[in-house]
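Participant: Generate a structure from the sequence data that follows.
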Amino acid sequence: MSDSRLSRRKFIRQTGLSALAASAAGVGQALNLSASAAEAQKIVKVEAITFREDLRVGGGSGGSGETEFWWLRLTTEQGLVGYGETYPFVAAEVGALEDVADQLLGRNALDISGIWKYLYHRMTMRNAGGAEMRLLSALNMAQLDILGKASELPLYRLLGGRTRDRIRVYNTTTDYWAINEMRMGPDTLRIVDFLLERGINAMKIYPFDGGGDSISAQELESGLKWIRDIRDRSGTQMDICVDCWGRWDLPSAQRIAKVLEPYGIMYLEDVMLPNSVEAYARLAAETSVPICMSETYASRYEYRELLQQRACDVVMYDLSWVGGPWEGKRISDMADSYLIPTSPHTCGGPLLYLASIHLCAAIPNFLIMESNYWKYTHQFPHFLDNVPVPSEGSVQPSDAPGLGAEIRQELFDSGDASVRTMAALD
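Facilitator: Okay, here's the model as predicted:
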């Protein structure tokens, strides 16, 4: 071969052909990775990384600074290390890992679908979901991180490559993740100006936050004032997402949707608990407001009925709860067959944030992704050296292999992070 010709490795990396065959049935075929190297990615160590209970990080007035997430770390016999993340019930999730850690040893970390199917079947036959599903999500993320490092490809390439150059974000706006002491209500106009000045032209708010299942006329009017203030200040410059955190019954959800119709909001999220597809189907059929749900669902099997019954207009999932990035991609593809867009939930930890950015770069039916000023400004930099900060209202995935997370060594040197070996081969 002449020097002027590209090497096979260089050709594959430059053209992105290594991602073409990425599918649940054949990940290994798509990689710039020899068969012998692929077979050598046997899991030899499984670890849980947790953070000091009294660790408080983050400036401003947002949040308590508590770290509700934790990391799963896998090491292969070739020395590759993969990180995954889930939250928010650390003791239960680490306990779930303790139950299965020994069963991961000796398995090939690149058997993404095989390990997922094995653990999903095991937990489904004992009541699927909960801590076990969140653990599976972290495990899947860690395996994909290893896959990226083994193939020298960023995660978004493994998920099919780019479908867009810009990943638009909205800002989740709450008092517990406040922006520089500002509160919705008294400071609504200042918050709108602050976000628009930074190119962020969408925000999620929680205007209907009553104490019961049924909403009163006064609560409706109080919540609408926030909507009117945003519209009066920005016109249609600012898109509005309204989240109700599953607080209301069906009649209240119908009233909320009705009063929101004139304001052209982007979507109404989790207005009821997501435990009745029939109720959501009825609501979606009655209103012109797009209905979004639900970050609380786990796996494509739950979303299937939601889509079949036309119970939502936007699919939301959390990659650290739903089964990991691989499952998020499958859910997105399923939603795309119904022409339904997706809007990932990201307000957990920094690895969830990175993984979601990678997935959003790859999926064809992306709408908008969650972000939070307090988290990427104050909290996440304590854990990572390369936290993506929105520019002109969008973020970009890293081109480093896998998740591309630059985890700060100071976490371990200072004792902020503790490592517990759950299982290891001698």
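Participant: Send me the strand or helix carrying C360 as CSV with only the CA atoms.
Facilitator: Remark: C360 resides in helix 350-362, with elements defined by DSSP states H and E. Once non-C-alpha atoms are left out, helix 350-362 reads as follows in CSV (Å, rounded to 0.1, in the frame of the first residue of the first chain):
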residue,chain,number,x,y,z
PRO,A,350,-23.1,14.8,35.2
LEU,A,351,-22.7,11.4,33.5
LEU,A,352,-26.4,11.3,32.7
TYR,A,353,-26.0,14.8,31.2
LEU,A,354,-23.1,13.7,29.0
ALA,A,355,-24.9,10.5,27.9
SER,A,356,-28.1,12.4,27.0
ILE,A,357,-26.1,14.8,24.8
HIS,A,358,-24.6,12.0,22.9
LEU,A,359,-28.0,10.3,22.3
CYS,A,360,-29.6,13.6,21.3
ALA,A,361,-26.9,14.1,18.7
ALA,A,362,-27.8,10.7,17.1
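Participant: The helix or strand following that helix pairs with which strands?
Facilitator: Read in the C-terminal direction, the helix or strand following helix 350-362 is strand 369-371, with elements assigned using DSSP H and E. The sheet places strand 369-371 alongside strand 167-172 (parallel), with pairing taken from DSSP bridges.
Participant: Taking helix 350-362 as reference, get the angle to the partner strand.
Facilitator: Computed by axes from the mean of the first three to the mean of the last three C-alpha atoms, to 10 degrees, the angle separating strand 167-172 from helix 350-362 equals 140 degrees.
Participant: what stretches of the stretch 1-150 of the chain score poorly on pLDDT?
Facilitator: For the stretch 1-150 of the chain, the stretches flagged by pLDDT under 70 are 1-37, 59-65.
Participant: Point out the other helices and strands that the helix holding C360 packs with.
Facilitator: Contact analysis of helix 350-362 by 3 or more C-beta pairs under 8 Å, 6 or more residues apart in numbering; DSSP states H and E lists strand 81-86, helix 130-151, helix 155-158, strand 167-172, helix 325-336, strand 369-371 as its packing neighbours. C-beta here means a position set from N, CA and C on the backbone, and glycine is covered the same way.
Participant: Let's have the ones you listed in CSV, adding distance to G185 and mean neighbour count.
Facilitator: What follows is the helices and strands packed on helix 350-362, written out as CSV (distance: least, C-beta to C-beta, whole Å; neighbours: other C-beta atoms under 10 Å):
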stretch, distance to G185, mean neighbour count
strand 81-86, 33, 25
helix 130-151, 33, 26
helix 155-158, 38, 26
strand 167-172, 16, 24
helix 325-336, 34, 23
strand 369-371, 21, 25
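Participant: Format the ones you listed as CSV; extra columns: distance to G210.
Facilitator: Formatted as CSV, the helices and strands packed on helix 350-362 follow (distance: least, C-beta to C-beta, whole Å):
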stretch, distance to G210
strand 81-86, 30
helix 130-151, 28
helix 155-158, 40
strand 167-172, 20
helix 325-336, 31
strand 369-371, 23
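Participant: M238 is nearest to which of the ones you listed?
Facilitator: strand 167-172 (9.5 Å; C-beta to C-beta).
Participant: State the mean pLDDT of the closest one.
Facilitator: Confidence over strand 167-172 (mean pLDDT, whole number) is 98.
Participant: Show me what secondary structure element comes after that strand.
Facilitator: helix 188-197.
Participant: That following helix: how far from the chain's middle?
Facilitator: The chain centroid and the centroid of helix 188-197 are separated by 25 Å, computed with C-alpha atoms, centre = their mean, to the nearest Å.
Participant: buried ones in it?
Facilitator: Across helix 188-197, burial judged by 16 or more other C-beta atoms under 10 Å covers T188, I191, V192, F194, L195, L196.
Participant: what's that helix in contact with?
Facilitator: Applying C-beta atoms under 8 Å, 6 or more residues apart in numbering, the set of residues contacting helix 188-197 from outside is 171, 173, 179-180, 182, 184, 201, 203, 226, 229-230, 233-234, 237-238, 373.
Participant: Can I get the buried ones among these as something I can paste into PyMOL?
Facilitator: Selection of buried members from the contacts of helix 188-197 for PyMOL, criterion 16+ other C-beta under 10 Å:
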select buried, resi 171+173+179+182+184+201+203+226+229+230+233+234+238+373
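Participant: Farthest-apart pair in the contacts of helix 188-197, please.
Facilitator: The widest separation within those (C-beta to C-beta) is 21.0 Å, between N180 and Q237.
Participant: What segments of the stretch 151-300 of the chain are strands?
Facilitator: 167-172, 202-205, 239-243, 267-269, 291-293 (DSSP state E, counting those that start in this stretch).
Participant: In a markdown table, list the ones you listed along with distance to R122.
Facilitator: Output for the strands of the stretch 151-300 of the chain, formatted as a markdown table (distance: least, C-beta to C-beta, whole Å):
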| stretch | distance to R122 |
| --- | --- |
| strand 167-172 | 34 |
| strand 202-205 | 35 |
| strand 239-243 | 33 |
| strand 267-269 | 32 |
| strand 291-293 | 27 |
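Participant: For G129, which of these is the nearest?
Facilitator: With C-beta to C-beta as the measure, strand 291-293 is the member of those nearest G129 (15.8 Å).
Participant: partners of the closest one, with directions?
Facilitator: Partner strands and pairing direction for strand 291-293 (DSSP bridges) are strand 267-269 (parallel), strand 314-315 (parallel).
Participant: Fine by me, thanks again.
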